[in-house]
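[1] here is a sequence together with a model predicted from it:
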Amino acid sequence: MFPQTRPAKPRPRDGLAPNPKLKLFDQCREVMRFQHLSYRTEQTYLEWIKRYVVYCRGGEPGARPARVSDGHRPPLRGGGWRHPRDCGAAELRGFLTELAVARGVAAATQRQALNAVIYLYREVLGIDLGELGEFRKARVSTRLPVVLTKEECQRLFAAMEPPLKWIAQLLYGAGLRVSEGLRLRIKDVDLARGLITVRSGKGNKDRVTMVPAVLRPALAEQLEFCRGVWQADRAAGLPGVWLPEGLARKYPKAGESWPWFWLWPSRETGLDPRESLPPEAGRVARRHHTGDVRVQQAVKAAALKAGLAKPVTPHVLRHSFATHLLEDGTDIRTVQDLLGHAHVSTTQIYTHVMSKPGIGVRSPLDG
């Protein structure tokens with residue numbers, strides 16, 4: 001017997017009833033894009049929804065659906081494949097419990113999975129699951145961020161080549177997330193004033209941070225390179241760069257203009273999955289920004305070459321930025337603003353990894 005769910009509540013006035021002729025995941029994309037969720041949030045939610053569907057069939061929460069061609073399918077739970085609307089709170093409780101018990105995920109990961117599935121029911125299917133009930137919660141643990149010393153940062157940069165070296169230096173020197181650094185456009189970098197404007201950062205918020213003085217010549221060189229790429233694209237008749245949907249409709253030619261061009265353009269053109277629904281219809285090849293995987297691989301390889309005995313990712317550079325500012329005496333509220341944290345409690349984590357934590361207490365062994 002299927003679990004009982006409450007009748008679908010009326011959709012909000014500004015909500016969107018997805019096209020019933022579309023497949024489930026295309027319906028999810030339609031609603032997410034109508035509500036202007038970020039592309040990364042869209043991809044994360046879709047991945048968790050897929051895993052939930054697999055769980056309802058009887059697969060593991062972290063598993064992907066088996067291909068038909070391989071001749072094997074996961075055991076079916078409840079007699080066969082079921083649409084999520086035929087499942088409910090009981091399946092969701094089991095899914096979350098299995099994530100915590102069998103997969104050992106972190107509390108934040110379990111919460112992310114919960115948010116994704118609740119979004120599916122509430123915003124896409126229009127179903128109120130009511131009280132979810134008790135389920136095994138993942139253990140909450142506080143992990144301190146990995147931080148490089150200033151000397152280790154310089155060794156890392158010395159093991160890299162431009163332009164990836166400049167990207168890594170900018171992430172460290174301005175405290176940017178890798179996605180924020182790669183999405184910078186020409187208009188967002190003001191070398192004369194030494195300012196970078198981060199558009200639509202985490203939480204869809206804008207903020208301003210600094211341009212490192214030592215990096216200004218490199219960025220000026222990068223701007224000249226970008227102008228050459230932009231001019232070549234215009235001469236070749238390529239479509240303009242990707243713009244948010246509202247801007248693209250209001251200013252159809254803005255994507256072809258110099259101010260909207262990427263600061264870190266990709267080497268090749270490609271299709272953007274965000275531009276149409278369903279994804280196989282009406283997409284065009286255009287110039288995108290450098291991919292984050294390329295930067296991640298470059299940083300990892302440089303850390304290995306430099307002999308750093310720490311797990312280094314691009315985000316470690318942002319952690320190092322905040323920690324070094326605090327060590328140099330910068331006010332924590334200023335660091336909070338530069339990082340774009342909503343709450344100062346998030347920034348306070350870096351006080352625990354400073355070279356002199358707390359008030360600089362000396363060890364009794366030092367006499």
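    Great, that's in hand.
[2] who's in contact with the top strand by length along the chain?
    Counting by DSSP state E, the longest strand found in the chain is strand 265-271. With contact meaning CB atoms under 8 Å, 6 or more residues apart in numbering, strand 265-271 is reached by 226, 229-230, 238, 283-291. (C-beta placed from N, C-alpha, C; glycine too.)
[3] next, the buried residues of the helix or strand just after it.
    As assigned by DSSP states H and E, the chain's next helix or strand after strand 265-271 is strand 285-289. Going by neighbour count (16 or more other CB atoms under 10 Å), the buried part of strand 285-289 is 286-289.
[4] which pLDDT value belongs to the most centrally placed residue in the chain?
    Among the residues of the chain, Arg40 comes closest to the average C-alpha position under CA atoms, centre = their mean, at 4.8 Å. Model confidence at Arg40, given as pLDDT, is 84.
[5] so how far is Gly329 from it?
    34 Å (CB to CB, to the nearest Å).
[6] again, but for Ile186
    From Ile186 to Gly329 the distance is 34 Å (CB to CB).
[7] please say which of those two ends up with more neighbours.
    Neighbour count, other CB atoms under 10 Å: between Ile186 and Gly329, Ile186 has more, with 16 against 6.
[8] pLDDT at that one, what is it?
    97.
[9] ranges for the strands of the protein?
    Using DSSP E, strands in the chain cover 189-190, 195-198, 207-210, 265-271, 285-289.
[10] which one of these lies nearest to Lys150?
    Proximity to Lys150 (CB to CB) singles out strand 207-210 among these, at 16.8 Å.
[11] in terms of secondary structure, what does the closest one contact?
    Judged by 3 or more CB pairs under 8 Å, 6 or more residues apart in numbering; DSSP states H and E, the packing partners of strand 207-210 are helix 164-174, strand 195-198, helix 332-339.
[12] among those, which comes closest to Leu144?
    Using CB to CB, the helices and strands packed on strand 207-210 put helix 332-339 closest to Leu144, at 16.3 Å.
[13] so which bits of that closest one are buried?
    For helix 332-339, by 16+ other CB under 10 Å, it's 332, 335-336, 338-339.
[14] and the contacts of it?
    The contact list for helix 332-339 (CB under 8 Å, 6+ apart) reads 174-175, 207, 209-210, 318, 321-322, 325-326, 344, 346-348, 350-351.
[15] ok, 7 Å please
    Identification of contacts with helix 332-339 by CB atoms under 7 Å, 6 or more residues apart in numbering yields 175, 207, 209, 322, 325-326, 344, 347-348.
[16] can you check stretch 235-254 too?
    Counting by CB under 7 Å, 6+ apart, 255-256, 260-262, 269, 272, 284, 286-288 sit against stretch 235-254.
[17] dump the C-alpha coordinates for the lowest-mean-pLDDT helix or strand in the chain into CSV.
    Using mean pLDDT, DSSP states H and E, helix 245-250 stands out as the lowest-scoring helix or strand of the chain, at a mean of 78. Taking C-alpha atoms only, helix 245-250 is exported to CSV below (Å, rounded to 0.1, in the frame of the first residue of the first chain):
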residue,chain,number,x,y,z
GLU,A,245,17.8,34.8,-19.5
GLY,A,246,16.3,38.1,-18.5
LEU,A,247,19.2,40.1,-19.8
ALA,A,248,19.4,38.1,-23.0
ARG,A,249,15.8,38.9,-23.8
LYS,A,250,16.1,42.6,-22.9
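[18] got any ranges where the stretch 51-200 of the chain has weak pLDDT?
    Within the stretch 51-200 of the chain, the ranges that satisfy pLDDT under 70 run 58-80.
[19] helices of the stretch 51-200 of the chain, start to end?
    For the stretch 51-200 of the chain, applying DSSP state H, counting those that start in this stretch gives helices covering 89-101, 107-119, 150-158, 164-174, 178-182.
[20] Leu195: which of those helices is closest?
    Nearest to Leu195 among these is helix 164-174 (9.8 Å), distances taken as CB to CB.
[21] relative orientation of the closest one and helix 332-339 in degrees?
    Taking axes from the mean of the first three to the mean of the last three CA atoms, to 10 degrees, one finds that helix 164-174 is oriented at 150 degrees with respect to helix 332-339.
[22] in helix 164-174, what's buried?
    Residues of helix 164-174 classed as buried by neighbour count (16+ other CB under 10 Å): 164-174.
[23] so what secondary structure elements neighbour that helix?
    Under the contact definition 3 or more CB pairs under 7 Å, 6 or more residues apart in numbering; DSSP states H and E, helix 164-174 sits against helix 150-158, helix 178-182, helix 292-306, helix 314-327.
[24] try it again with 8 Å
    helix 150-158, helix 178-182, strand 207-210, helix 216-235, helix 292-306, helix 314-327.
[25] CA-only coordinates of it in PDB, if you can.
    Extracted C-alpha coordinates of helix 164-174, given in PDB (Å, rounded to 0.1, in the frame of the first residue of the first chain):
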ATOM      1  CA  LEU A 164      46.000  29.200 -14.700                       C
ATOM      2  CA  LYS A 165      48.600  30.600 -12.400                       C
ATOM      3  CA  TRP A 166      46.900  34.000 -12.600                       C
ATOM      4  CA  ILE A 167      43.500  32.500 -11.800                       C
ATOM      5  CA  ALA A 168      44.900  30.700  -8.700                       C
ATOM      6  CA  GLN A 169      46.600  33.900  -7.600                       C
ATOM      7  CA  LEU A 170      43.400  35.800  -8.000                       C
ATOM      8  CA  LEU A 171      41.400  33.300  -6.000                       C
ATOM      9  CA  TYR A 172      43.900  33.700  -3.200                       C
ATOM     10  CA  GLY A 173      44.500  37.500  -3.500                       C
ATOM     11  CA  ALA A 174      40.800  38.400  -3.700                       C
END
